[in-house]
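Novice: coords below, sequence missing:
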């Protein structure tokens, strides 16, 4: 999940440069960005299936989906404001650096990467007792 988010951030930041180079580059960058995004929801299912208690899985998945939809609701009008006051390229730079940047740093460079294990049963801080 973390590498998918990191790929999405990287290609989001490259979008304005690819647009300047031409349509073929822009399409290629957007396809690669979509591949990075394409792994996030399946990875989220796998993560919640392994780590969430069975009776809380539906609630946690609902919260995750609400977060994704809320991001769309906030980012669309905000993108219009950014385009109006700055430039269309800043939409990609701002969202690439903030929204995805914080998430990927949390997964790749932060504590979660150091404390995450494939199954929770072998986690160093989780005990069944």
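Specialist: Noted; the coordinates are in hand. It should be emphasised that the depicted structure is a prediction, and the values quoted were computed from it without experimental measurement. Numbering: from 1, shown residues only.
Novice: Quick check: buried residues in the helix or strand where residue 80 lies?
Specialist: Following DSSP states H and E, one finds residue 80 within helix 57-85. Residues 61, 64, 79, 82 are the ones in helix 57-85 that count as buried (16 or more other C-beta atoms under 10 Å). (Glycine included, C-beta is placed from N, CA and C.)
Novice: Of the residues you listed, which is the nearest to residue 26?
Specialist: Nearest to residue 26, judged by C-beta to C-beta, of these is residue 79 at 17.1 Å.
Novice: Return the residues in contact with the nearest residue to that closest one once chain neighbours are set aside.
Specialist: For residue 79, ignoring the flanking residues on the chain, the nearest one in space by C-beta to C-beta, 6 or more residues apart in numbering is residue 91 at 4.8 Å. By C-beta atoms under 8 Å, 6 or more residues apart in numbering, the contact list for residue 91 reads 79, 82-83.
Novice: Please tabulate the residues you listed in CSV, including the columns pLDDT.
Specialist: Output for the contacts of residue 91, formatted as CSV (pLDDT from 0 to 100):
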residue, pLDDT
79, 95
82, 96
83, 95
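Novice: any idea how far the residue nearest to residue 79 lies from residue 40?
Specialist: 20 Å (C-beta to C-beta, to the nearest Å).
Novice: before we move on, what about residue 24?
Specialist: 26 Å.
Novice: residues in contact with residue 77?
Specialist: Contacts of residue 77 by C-beta under 8 Å, 6+ apart: none found.
Novice: Pull up the gap between it and residue 66, please.
Specialist: According to C-beta to C-beta, residue 77 and residue 66 sit 18 Å apart.
Novice: Which of the buried residues of helix 57-85 lies at the shortest distance from residue 35?
Specialist: The closest of the buried residues of helix 57-85, once distances to residue 35 are taken by C-beta to C-beta, is residue 64, at 20.3 Å.
Novice: re earlier: just want the angle from whatever helix or strand the residue nearest to residue 79 lives in to helix 57-85.
Specialist: Taking DSSP H and E as the definition, one finds residue 91 inside helix 88-97. Using axes from the mean of the first three to the mean of the last three C-alpha atoms, to 10 degrees, the direction of helix 88-97 lies 150 degrees away from that of helix 57-85.
Novice: Understood, closing this out.
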